[in-house]
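Peer 1: missing the sequence, but the structure's below:
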């Protein structure tokens, strides 16, 4: 069910597709699965706002907003567009097939560098363990990787994770035998003995730990606070034309988080059903994701030296992408950071707490 991330978990967070290719590669609307809000009172505009989303706990929560009627409550017409393949959602936003998309901060850098006008209006979460370096038995630390064969996919967030892990231990990729393998193929490479460790995301992390006795996580995204944020990113022209609707969407999001906190079991079931996942698996997946309260999101939108600030993480991400020759230079990311709507939500007292207990157990 979850063996191929490109069909369920294709979160290629640093793979930047040239814009021209994006425009031609975007899947036709007929191939996209849409989930519409329940008809209710007319929104500020009768045209629906389309939001692309894919499999990540900070994004499948939109199904809660939809199914519990929070878009209707806030008088906004929203059509959620589901993408089994995350990369297709990036293409759709680039081709203006959707008004907004759920995507990483890193995946927003490429389009910004190419001149696309985008606004990040909501910070959903940070990865907090779902991205990890997994090593075979006998390797218990990053320093133990010296001279070993270590794999991940070139240019992805996992290579970024690996590079950060090495740097934290006074090492670089020159200290290991780097092997470029697609993330979803890493478990098979471990099984065949071709590699000693790899940097992967869920569900590959769980698959490796289950399949290889003695294997262990020696570094994960909990140790990269703020560097893997997930966002709601709009076309700038939509934000300019429909600010009231954008505010209503953000308000609906925080209602969904409150509902999630009050109904943790049912919330997990909604998200797991969206992705055809077992509830127990999705419960663990959620626990590796730090969903932000509204005050936490506002802080992340604020220029500061805090690790979770988008202003702090952007230059680090930009340097990585430039080093990988995926973008020519770090773009003017500050122009894409719009805290207007989260700030207004905080002023209204919305989303004061994270949505769930991180020790949640679902029967």
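Peer 2: Cool, the structure landed. Everything quoted here is computed from the prediction, not taken from an experiment.

Peer 1: Can you list the buried residues in stretch 311-324?
Peer 2: Buried positions in stretch 311-324, judged by neighbour count with 16 or more other C-beta atoms under 10 Å: 311-314, 316-318, 320-321, 324. All C-beta spots, glycine's among them, are computed from the backbone N, C-alpha and C.

Peer 1: Just the element for residue 107, please.
Peer 2: Element membership for residue 107, per DSSP states H and E: helix 105-113.

Peer 1: for that helix, packing partners?
Peer 2: With contacts defined as 3 or more C-beta pairs under 8 Å, 6 or more residues apart in numbering; DSSP states H and E, helix 105-113 has these neighbours: helix 86-94, strand 118-127, strand 229-235, helix 310-323.

Peer 1: follow-up on the earlier one: turn the buried residues of stretch 311-324 into TSV, including distance to residue 104.
Peer 2: Putting these into TSV (distance: C-beta to C-beta, whole Å) gives the following:
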residue	distance to residue 104
311	16
312	15
313	10
314	12
316	13
317	9
318	13
320	13
321	12
324	15
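
Peer 1: which one among those gets closest to residue 49?
Peer 2: Checking the buried residues of stretch 311-324 against residue 49 by C-beta to C-beta gives residue 314 as the nearest, at 25.9 Å.

Peer 1: I'd like the distance between the closest one and residue 284.
Peer 2: From residue 314 across to residue 284, the span is 30 Å (C-beta to C-beta, to the nearest Å).

Peer 1: And residue 181, by the same measure?
Peer 2: Computed with C-beta to C-beta, the distance linking residue 181 and residue 284 is 24 Å.

Peer 1: just residue 332 next, same as before
Peer 2: On the measure of C-beta to C-beta, residue 332 and residue 284 end up 38 Å apart.

Peer 1: Mind checking which of those two has more residues around it?
Peer 2: Ranked by neighbour count (other C-beta atoms under 10 Å), residue 332 and residue 284 place residue 284 first, with 17 against 10.

Peer 1: The more buried one is in what secondary structure piece?
Peer 2: Counting by DSSP H and E, the element that carries residue 284 is helix 279-287.

Peer 1: Buried ones in that helix, by neighbour count?
Peer 2: Buried residues in helix 279-287, counted by 16+ other C-beta under 10 Å: 281-287.

Peer 1: Now find how far off-centre stretch 213-220 is within its chain.
Peer 2: Here stretch 213-220 is found 22 Å from its chain centre; the criterion is C-alpha atoms, centre = their mean, to the nearest Å.

Peer 1: Just the buried positions in that stretch, please.
Peer 2: Under the neighbour-count criterion of 16+ other C-beta under 10 Å, stretch 213-220 has 215-216, 218-220 buried.

Peer 1: which strands and helices sit next to the helix holding residue 284?
Peer 2: In terms of contacts (3+ C-beta pairs under 8 Å, 6+ apart), helix 279-287 is packed against helix 57-60, helix 264-274.

Peer 1: After that helix, which helix or strand is next?
Peer 2: Using DSSP H and E, the helix or strand that follows helix 279-287 in sequence is strand 289-291.

Peer 1: Can you give the strand pairings for that next one, parallel or anti for each?
Peer 2: Partners of strand 289-291 in the sheet, by DSSP bridges, are strand 118-127 (antiparallel).

Peer 1: Next, the angle helix 279-287 makes with the partner strand.
Peer 2: For strand 118-127 against helix 279-287, the angle by axes from the mean of the first three to the mean of the last three C-alpha atoms, to 10 degrees is 110 degrees.
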